[in-house]
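> output the structure for:
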Amino acid sequence: MAKTTWDHEADFVVVGAGTAGCVLANRLSADAATQVLLLEAGGSDAHPLVRMPAGFTRVVQRPALNWGYASEPEPALGGRVIPVPRGRVLGGSSSINGMFHIRGDRRDFDDWAAAGCTGWGYADVLPYFVRSESNWRGAGPFHGGEGPLRVRAIDERHLLAEPLRAAAREAGHHLNEDYDGARHDGIARGDVAIDHRGRRHSSARAYLQPARGRANLQVWMHALTRRVLVEDGRAVGVELERGGRVLRVRARREVVLCAGAYGSPQLLLLSGIGPGEELQRLGIAVRQALPGVGANLIEHPRMPLQFQALQPLTFLRQLRLDRAVLSVLRWAFTGRGPFATQICHGTVLLKSDPADPALDRPDIQLLCNPVRLDARLWFPLVAPAQPHAFYVTVCQLYSRSRGRVTLRSADPREAPRIALNLFNDPQDFATMRAGLRAARVLYRQPALAGLVGAEMLPGADLRSDAELDDAIRALGGITHHPVGTCAMGTGSAAVTDPQLRVSGVAGLRVADASVMPNIVGGNTNAATLMIAEKAADLILGRPAPPRAGLGAALGAGQGAGATPGKVRPAPPGD
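Numbers count the residues shown, from 1 in each chain. Take a look at the predicted model:
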């Protein structure tokens, strides 16, 4: 066999500068004697819409920052094709997402451990969550005060938050000051990854930027990784395209895939690691037969509701052109104002069936927004304002349906085939219906009677199960939280072991959302940061931090973090 000619080499080659890859680039390069190469198919995250929090609804639509994926026709949704945006930029999807920072229910991680993922229980992973963040609450049992990622509370001053909280109390939901604390359910002001200057604090800004000056860290942008190179059962490097050239990079110690729930399985398949028959049909030599690669794709299905606003008081007021220009300038020069935060006036975590004793955690998330779904800039006479409206996203946290990621061809430049299979399990329709009805109850409480009018979407006349199911088929989508396609575990379906090593291939790990064996009950970016923090210790052979002592904090009662009255104010400057 001819000896491989290498164009470059490093101790660690990290593929993908997204949420997880930026964490690993920082943590692995902290040792000046370790050479790290970070590969990113996209480019810089310097675009102003990336940095400005209120720009997130526009930045996700920009082709230059997005892989622009789409699903296969969805069988349970009438054959509709669902857009699947993923970040193709430094920071990955943490540079184009909604910035929400919600870890999930603690029992989600205990379930991972119970299923064989030793070391991934809540008490094991909480220290990594704490390590990752600098939370506005300060250091405590559940939060960090000195970590790289800045987490702050949403500035609610323009968002009509108090009437929503009052309505939530009337509907039977308690106020929760901290959904990442002792209790996960209730209505809470959202926590978001935004820094003290009012800028999005993506993984690229929190982790990668502080490390860019290190001589032992190289970051190659516009570098499309084609495959992992495997020799004698070991990953020895990667092949990539950059600047019109095909290059081979040697990894002296390990290759770490951080390309996400679509990119990481795609790369394994392109490298001959996956279901043998599928690879052979595409003419790809099988290096390691692993049937689980690309399977177990899980998303958070979502459904929109929109209500007429009875008064012109929604955030649409801030989108009048002259006000918007001033807000952009204020944000640019001071980091404050209505464009320096997320536009969400409450997050509600609830059980779809509170009477079901088997349902031990919230399985519905309501993201409540004081603005219409399709809001745009306006100006009197020139471009009249749209009618004011309130928009709610109903998110199903634990879908039973499973999808799959496969290859279209052996061409690494071709997008993978993404079969989400949303609502393939009939129970998912039932859970989503319950979430829709819970949102309707919330928005019909007396506290909102003077603000909320008729239901515009999907329509108040749709009441029966069959009518709501038809609405879900027409309007249902995803929350852009894909996980599970390189799931860790111990069984034959697992792709990675609890140390994140790819089964049967030495020197190769996956460290991103794809390794989650099941999805978490919250926005997945925070859990992905945790996975990467823990992966750094596993890769470097460092001992895990002491398990969190949770007895006192959790034993203080399920009411810890929940209050019957006012929400604690955020620090000055929010």
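> A70 sits in which helix or strand?
When elements are assigned from DSSP states H and E, A70 belongs to strand 69-70.
> following that strand, which helix or strand comes up?
Under the assignment DSSP H and E, the closest C-terminal helix or strand after strand 69-70 is strand 83-84.
> residues in contact with that following strand?
Applying C-beta atoms under 8 Å, 6 or more residues apart in numbering, the set of residues contacting strand 83-84 from outside is 67, 69-71, 262, 418, 420, 477-478, 480, 482. In this view, the C-beta of every residue, glycine as well, is placed from N, C-alpha and C.
> 6 Å - rerun?
Counting by C-beta atoms under 6 Å, 6 or more residues apart in numbering, strand 83-84 makes contact with 69-71, 418, all of which sit outside it.
> distance of R501 from Q306?
Here the distance between R501 and Q306 works out to 46 Å (C-beta to C-beta, to the nearest Å).
> and the strands in the stretch 451-574 of the chain?
Listed from the start of the chain, the stretch 451-574 of the chain has strands (DSSP state E, counting those that start in this stretch) covering 452-457, 477-478, 508-510, 562-563.
> how about the closest residue to R336 other than its chain neighbours, phi and psi?
In space, not counting the residues next to it along the chain, R336 is nearest to G198; the distance is 5.8 Å by C-beta to C-beta, 6 or more residues apart in numbering. Reported as degrees, to the nearest 10, the phi and psi values for G198 are phi 70, psi 20.
> would you agree G198 is in contact with T341?
No - no contact is recorded between G198 and T341 when judged using C-beta atoms under 6 Å, the distance being 7.5 Å.
> tell me the contacts of D11?
The neighbourhood of D11, defined by C-beta under 6 Å, 6+ apart, consists of 34-35, 252-253.
> helix, strand or coil for it?
strand (DSSP: H, G, I helix; E, B strand; the rest coil).
> doesn't V36 make contact with Q218?
No - contact between Q218 and V36 fails when scored by C-beta under 6 Å: they sit 7.3 Å apart.
> so these two - more neighbours on which side?
Shown here are Q218 and V36; by other C-beta atoms under 10 Å, V36 has more neighbours (25 against 16).
> who's in contact with the nearest residue to the more buried one once chain neighbours are set aside?
Sequence neighbours aside, S29 is the residue nearest to V36 in space, at 4.4 Å (criterion: C-beta to C-beta, 6+ apart). Contacts were defined as C-beta under 6 Å, 6+ apart; by that measure S29 touches 36, 211, 214, 216-217.
> most neighbours among those residues, please name it.
Highest neighbour count within the contacts of S29, by other C-beta under 10 Å: V36, with 25 neighbours.
> wait, isn't that one in contact with F12?
Yes - counting by C-beta under 6 Å, V36 touches F12, with 4.9 Å between them.
> what residues do the two have in common as contacts?
Shared contacts of V36 and F12, counting by C-beta under 6 Å, 6+ apart, come down to L28.
> what stretches of the chain score poorly on pLDDT?
When residues are selected by pLDDT under 70, those of the chain lie in 1-2, 552-574.
> looks to me like L247 is in a strand.
Yes - counting by three-state DSSP, L247 falls inside a strand.
> show me what it bridges to in the sheet.
Beta-bridge pairing for L247 (DSSP bridges): L240.
> run a quick check on it versus V238, I expect a contact.
No - checked against C-beta under 6 Å, the pair L247 and V238 is beyond contact range at 8.9 Å.
> okay, those two: which has more neighbours?
It is V238, of L247 and V238, that has more neighbours when counted by other C-beta under 10 Å, with 24 against 17.
> show me what the closest residue to Y443 other than its chain neighbours bridges to in the sheet.
The spatially closest residue to Y443, leaving aside those adjacent along the chain, is V452, at 5.1 Å (C-beta to C-beta, 6+ apart). The bridge-partner assignment for V452, based on DSSP bridges, gives A309.
> how many other residues sit next to V452?
Residues near V452, counting by other C-beta under 10 Å, number 22.
> how about R51, what does it touch?
For R51, the set of contacting residues under the criterion of C-beta under 6 Å, 6+ apart consists of 199-200.
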